[in-house]
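K.L.:
Following is a predicted model, sequence given first.
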Amino acid sequence: MSNRKKRAALPAATAAMAVLLSGCGASDNGSVGKDARISMGMTDKVFSTDPASGYDPGSWLVFNNVFQSLLSFPKGSTEPQPEAAEQCGFTDRKSRVFRCTLKNGLKFSNGNDLTAKDVKHSFDRTLKINDEDGPAVMLQSIDSVETPDARTVVFKLNTSDATFPQKIASGAGSIVDHREYPADALREDNKAAGSGVYTLDSFNDEEAVFSANGDYRGAAEAQNSGLRLRFYDDHGDLREALDRRDVDLAYRGLSAEDIAELENSTTSAKNGIKIVEGSSAEVHHLVFNLDDPVAGQTGVREAIAYLVDRSTLMRDVYQRTAEPLYSLVPAGITGHNTAFFDRFGERPQPKKAAAALRAEGITDKVELTLWSTPVRYGPATDAELEAIAAQLNASGLFDADVKSVELSRYEADIAKGKYGVYVKGWVPDYPDADNFTAPFFGDGNVLHNNYDAGRITDDLLPRTAAQSNRSATVEDFAAIQDQVAEDLPLLPIWQGKQYAVAQDNIAGLEWTLDASTVFRFWEISKNAQD
């Protein structure tokens, strides 16, 4: 979520004072857009309408459309530009002081003025609440937030963080009204007061209803008057809703089989259904618990790495709706390399796998359980792990099986170290190699696999975080990926593609499927049926 457009590096003398300025093409009048309302379906759940809590694709879809951030990712770009801010930028050479000036006349959907006080309140409360399911983990570099006046916000960082603009352009940077969102508790009434392109009219377990916000001041221009987002339990229900034309489009939830069938069907076009494909940086990893008595053995992990056949998985399980991934950082993101391909090859190598086990002193079949959860990381996750287990068993070196449990137990058991091998999916928060590496290592990382990252956390990641010229981080990110391929705390499996399936009178979806991971309701339009 992947083609990155990089700015030319600024000379050192000017880089420290560089600012992001509002584009001359921005529309500050906040057009309400066309009259048509869009109906959309997905299987992702929205776990929270409060930006201090939600840290999942469904919740961020709401945040990106209902709230403003100081910066945002324009369509087709992975470089943040001003949104609620008029301008932003680092004011020092060490990327530790970030200053923003707000636009004039910003208002929340409830009519209250949006000022620097609200910006400070939004970041302070996310950090104070520190919800275990929230994005506070992304904002740990903030030491303090100062507001010299009603339009100025100054972030003092406790460490160099050149990716700070990308972080606050994401859902983690959503600005809330200090009058409606408590400083020390989550809002739990399923309502929202934002200043984004849309208002949230209603929300429940079955649907969320949005309307274009006539008071919005920003760069976006809504191409519809609102959207009804319907939640479905599984991909079959979503597919039926699409076929019955109960929804105008389906996003995040159709299975690989559904996509492949529709792509290959000679009747889809006749039935008025089209498929729009976009770039994505969503990834799947097989994670190894290094404290586990089996997975903790280097030879076992190396044998698995030699035996997994990604290309066959992509063909048989994912119907080519995903691509093999051979490193932490996916293709299309600056810093990507092919460390696992270089070390373990593309096709299975049973002899090398056997040699790795012998070097570990293992001569019997390795008994191994691969743990999965059926919904959270996509409808084909269980089938993916079943196929991997079959590949391992076909070598004669493993006796592997798969167990799948519901999400709450899955996450709790991983945190307790109960699983040796398990799957983790990752949808990036922002399109930078930092977001495919930093969350996976060190204290409080999202993998919970007891890996001592050593030089990665002590030296390499801090150095990349201090580098404002992101193209200059390629060598260090390569070193990170090479070390991970050597230590094997995880095994990258695939990089996804984004798909939206829509009725043929829906347009604009190509502007919602890009590496920024922002699904822009406002770009979608609906023409009258013939």
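P.N.:
Right, received. Where do you want to start? From a predicted model like this one, the values you see are computed outputs, not experimental measurements.
K.L.:
average model confidence for stretch 334-353?
P.N.:
Per-residue pLDDT values over stretch 334-353 give a mean of 97.
K.L.:
Give me the residues contacting that stretch.
P.N.:
Identification of contacts with stretch 334-353 by C-beta atoms under 8 Å, 6 or more residues apart in numbering yields 4, 6, 302-311, 324, 326-330, 391, 395-397, 432-433, 470-471, 473-474, 477-478, 481-482, 484-486, 491-492. No exception for glycine: its C-beta is placed from N, CA and C like everyone else's.
K.L.:
Which of these fall in helices?
P.N.:
Among the contacts of stretch 334-353, the members found in helices (DSSP state H) are 302-307, 310-311, 391, 474, 477-478, 481-482, 484-486.
K.L.:
Just the buried subset of the residues you listed, please.
P.N.:
Using 16 or more other C-beta atoms under 10 Å as the burial test, the ones in helices among the contacts of stretch 334-353 include 302-307, 310, 391, 474, 477-478, 481-482, 484-485 as buried.
K.L.:
wait, doesn't Asp113 sit right on Lys107?
P.N.:
Yes. Using C-beta atoms under 8 Å, Asp113 is in contact with Lys107, at 5.9 Å.
K.L.:
Among those two, which residue is more densely surrounded?
P.N.:
Shown here are Asp113 and Lys107; by other C-beta atoms under 10 Å, Lys107 has more neighbours (16 against 13).
K.L.:
show me the contacts for the spatially closest residue to Ala339 that is not a sequence neighbour.
P.N.:
Nearest residue to Ala339, sequence neighbours excluded (C-beta to C-beta, 6 or more residues apart in numbering): Ala485, at 3.8 Å. By C-beta under 8 Å, 6+ apart, the residues touching Ala485 are 327, 339-340, 342-344.
K.L.:
I'd like the distance between Ala465 and Ala172.
P.N.:
Ala465 sits 16 Å away from Ala172, going by C-beta to C-beta, to the nearest Å.
K.L.:
Restrict stretch 343-353 to CA atoms and write it as CSV.
P.N.:
The C-alpha trace of stretch 343-353 is given here as CSV (Å, rounded to 0.1, in the frame of the first residue of the first chain):
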residue,chain,number,x,y,z
ARG,A,343,19.7,-16.5,0.9
PHE,A,344,17.1,-19.3,0.4
GLY,A,345,16.2,-19.2,-3.3
GLU,A,346,12.9,-19.2,-5.0
ARG,A,347,12.1,-22.9,-5.3
PRO,A,348,12.1,-25.5,-2.5
GLN,A,349,15.5,-27.0,-1.7
PRO,A,350,14.9,-30.2,0.4
LYS,A,351,18.6,-31.2,0.5
LYS,A,352,19.5,-27.8,2.0
ALA,A,353,16.6,-28.1,4.4
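K.L.:
and that stretch, how far from the chain's centre?
P.N.:
Offset of stretch 343-353 from its chain centre (C-alpha atoms, centre = their mean, to the nearest Å): 31 Å.
K.L.:
Equivalent analysis for stretch 402-413, please.
P.N.:
21 Å.
K.L.:
in that stretch, what's buried?
P.N.:
Result for stretch 402-413 [16+ other C-beta under 10 Å]: buried residues 402, 404, 410-411.
K.L.:
what's it in contact with?
P.N.:
Contacts of stretch 402-413 (C-beta under 8 Å, 6+ apart): 369-376, 382, 385-386, 389, 419, 422.
K.L.:
again, only using 6 Å
P.N.:
369-374, 376, 382, 385-386, 389, 419 (C-beta atoms under 6 Å, 6 or more residues apart in numbering).
K.L.:
how long is it end to end?
P.N.:
Start and end residues of stretch 402-413 are separated by 15 Å (C-alpha to C-alpha, to the nearest Å).
K.L.:
thinking again about what came up before, compare the contacts of stretch 402-413 and tell me which has the most neighbours.
P.N.:
So for the contacts of stretch 402-413 (other C-beta under 10 Å), the most neighbours sit at Leu385, 27 neighbours.
K.L.:
looking at this, it is in a helix?
P.N.:
Yes. According to DSSP: H, G, I helix; E, B strand; the rest coil, Leu385 belongs to a helix.
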